[in-house]
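Visitor: test case, fold it:
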Amino acid sequence: MSRRILTQEQVAIISKNKNVRRCSSKSIRYRKEFIAKSLDLYNKEGMAATEIFQLAGFDLEVIGKRVPNKLMHHWNKSLRSHVKIQRPKLKLSEEAKQENNIRRLKARVAYLEAENDFLAKLRARKRR
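Guide: From the prediction side, this is the model:
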């Protein structure tokens, strides 16, 4: 896998983009506002990553055609790991809790009965 090394001219062009925080020959750092807006367009509006970067004024020939997709994946992954979404817990009544417990126990009994039947058939075959 080859990493793209940017020339000084390319670094100068990319650095002028308002969405870039910092740029060197080996890496580009994007502004937080751009990242947030890009994720919003990508996740909520369904826009393609390459289209978002083109609208932001980036030349895909310079930064790489696959870079926008990789960045969106990386940004989404880091967003999910930093933002812990807590689902509201349902408060069940005592009766609902007992019904759930009975349903779980009945399923367990059915599983164990099936397992016993299977083992009995195996023992019967060995005896023959």
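Visitor: which positions within the helix or strand harbouring residue 68 qualify as buried?
Guide: Element membership for residue 68, per DSSP states H and E: helix 67-82. With burial defined by 16 or more other CB atoms under 10 Å, the residues of helix 67-82 counted as buried are 67, 68, 71, 72, 75. Using the backbone N, CA and C atoms, a C-beta is placed for each residue, glycine as well.
Visitor: ok, now stretch 43-53?
Guide: For stretch 43-53, the neighbour count (16+ other CB under 10 Å) marks 49, 50, 52, 53 as buried.
Visitor: wait, is the second one part of a helix?
Guide: Yes. When DSSP: H, G, I helix; E, B strand; the rest coil is applied, residue 50 is found to be in a helix.
Visitor: what about it, distance to residue 70?
Guide: 11 Å (CB to CB, to the nearest Å).
Visitor: please enumerate the strands of the protein.
Guide: Secondary structure of the chain by DSSP state E: the strands cover 20-23, 28-30.
Visitor: give me the residues contacting the longest one.
Guide: Contacts to strand 20-23, defined as CB atoms under 8 Å, 6 or more residues apart in numbering, come from residues 6, 11, 14, 15, 28, 29, 30, 31.
Visitor: okay, the residues you listed in CSV with neighbour count and distance to residue 57 next?
Guide: Putting those into CSV (neighbours: other CB atoms under 10 Å; distance: CB to CB, whole Å) gives the following:
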residue, neighbour count, distance to residue 57
6, 18, 16
11, 17, 15
14, 20, 10
15, 13, 12
28, 20, 13
29, 9, 16
30, 19, 12
31, 14, 13
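Visitor: got a pLDDT number for the residue nearest to the spatial centre of the chain?
Guide: The residue lying closest to the centre of the chain (CA atoms, centre = their mean) is residue 77, at 4.6 Å. Looking at residue 77, its pLDDT stands at 89.
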